[in-house]
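[1] from the sequence below, what's the structure:
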Amino acid sequence: MTSAEAVIDVRDAMNAGFDGFALNTHSINPSDTWNINALNYLFAAASGTDFKLLISFDMSWGLDVTKLAAFLAPYASQGAYYKTNGQTFVSTFTGGTISNPQWNSGFIQPMTSTYGIKPFFVPDFDDFSGYPDGVFGSYPILNGVFSWKSAWPAPGNTPTNVSGQVDSAALQQARAAGKLYVMPMSPLQFKYRGSGQDWYRVGEVNLSGRMSQALQLQPYFVEVITWNDSGESHYVGDFWQEQIAGSNIGDYATGYNHKGWLQVITPFIKAYKAGTTSISQIVPPSTKPVGAFWYRPLLTTASCHSSIGNYQSARDAVNFAVILPSTGYTINLYSNSQLIGSFLGQKCLNYNNVLGLAIGGGQMIQVVDGCNHIVASATGTKSVLAQSANATCN
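    From the prediction side, this is the model:
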């Protein structure tokens, strides 16, 4: 990325109510200047603000545990690095197959003895056998755990909503051990890269469902997956073309703006920080409704779908999440300019999955008041196709 793009990312995330970024780092090689530059740009952009950054080592790339401390130390000393209880917050993606002694001698101890930095270690150990059961007993070094996979429904062939079972278990075990839990929240997951990297994880009402679960469970942290991972399509902010150069990610991500989701994420953040325990207490930032709606641009009957893992769980639907300031509103959904659903709104976060997605344009949402005046609306930017117009099954 560029330094200007880093400034935009930090600014936009702060404006949306985020406290910081977890920076997924899959390279610790100093010769990978694209990675070093991106980190430096982001730390510079966050410097002097309340926005914080932390390193999350991507262990799925086979990083050497014994080299993590040396890489982390220069960033941990910067003012923008996130600390809790005076300790340097560090996370991972996977690493639960590496033993506690290996993590302790290779990373935790050198951080303290060599660099004088006490890490606050909260990794994603989804790959630990039986996770989350037994993870704190097997890893005394942990200060907490983060889950990644629980952000979406488990892979499968039927439409299903996301479960909070893993999160509830991890949270209970963390609290019993005097540790903390970082709960993930995400809109969807879609990838179309070939070579076994074509899959879909349900995105109909996933984001709203996770909001409800997070407010009920009250974890100490919530991590939104993700700000800019266009490769898996769950970005809620911008992604930059430099980040996907040389890949086919742009074939299914470029031109698809996901920042509408921030319209509902920002009020959620405010409610979560206030200790709210139900989506019935999420309110818009003003007296006007806010929200988003979304849909896939291909019907489930498209012939290319059979190449995508979990394609059977998709539905031909238009989905919405709308936060209303009061009762007295009706939410109308259209596809191909035909009304497919009408819902009396409640004062809070309203969301639903409305069957009836049809070929053509005219995907639209309208919020009308008691006098049938349109007070908020949005029109989809993509027509719905029966078959893909190119080689990408989006």
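
[2] what about stretch 151-169, start to end distance?
    14 Å (Cα to Cα, to the nearest Å).

[3] check stretch 92-110 too.
    Stretch 92-110 has an end-to-end distance of 17 Å (criterion: Cα to Cα).

[4] may I see the buried residues of it?
    Along stretch 92-110, these residues count as buried under the neighbour rule (16 or more other Cβ atoms under 10 Å): 92-96, 98, 103-104, 106-108, 110. To be clear about C-beta, it is placed using only N, CA and C from the backbone, and glycine gets the same treatment.

[5] return the member of these nearest to residue 361.
    Relative to residue 361, the closest of those is residue 93; by Cβ to Cβ it sits at 38.8 Å.

[6] ok now do the closest residue to the closest one other than its chain neighbours, which residues does it touch?
    The spatial neighbour of residue 93 that comes closest, neighbours along the chain excluded (Cβ to Cβ, 6 or more residues apart in numbering), is residue 58 at 4.6 Å. Neighbouring residues of residue 58 by Cβ atoms under 8 Å, 6 or more residues apart in numbering: 24-26, 92-94.

[7] any idea how far residue 242 is from residue 87?
    Taking Cβ to Cβ, to the nearest Å as the measure, residue 242 falls 33 Å from residue 87.

[8] quick check: phi and psi at residue 289.
    Residue 289 adopts backbone torsions of phi -60, psi 150, taken as degrees, to the nearest 10.

[9] tell me the spacing between it and residue 328.
    When distance is defined by Cβ to Cβ, residue 289 is 11 Å away from residue 328.

[10] with neighbour numbers in mind, choose between those two.
    Comparing residue 289 with residue 328 by neighbour count (other Cβ atoms under 10 Å), the higher total belongs to residue 289, at 21 against 13.

[11] can I assume the more buried one is in contact with residue 321?
    No - the pair residue 289 and residue 321 does not pass the contact test of Cβ atoms under 8 Å, sitting 11.0 Å apart.

[12] avg pLDDT for the helix or strand containing residue 35?
    Using DSSP states H and E, residue 35 maps to helix 33-46. Here helix 33-46 scores 97 as its mean pLDDT.

[13] show me what counts as buried in that helix.
    Buried, per 16+ other Cβ under 10 Å, within helix 33-46: 35-36, 38-43, 45-46.

[14] over to stretch 66-73?
    Within stretch 66-73, the residues that count as buried by 16+ other Cβ under 10 Å are 68-69, 71-73.

[15] show me how far that stretch is from its chain's centre.
    26 Å (Cα atoms, centre = their mean, to the nearest Å).

[16] who touches it?
    Against stretch 66-73 from outside (Cβ under 8 Å, 6+ apart): 25, 28, 55, 57, 88, 90, 106-107, 110-111, 114-115, 117, 119.

[17] what subset of these is buried?
    Among those, the ones that count as buried by 16+ other Cβ under 10 Å are 25, 28, 55, 57, 88, 90, 106-107, 110-111, 115, 117, 119.
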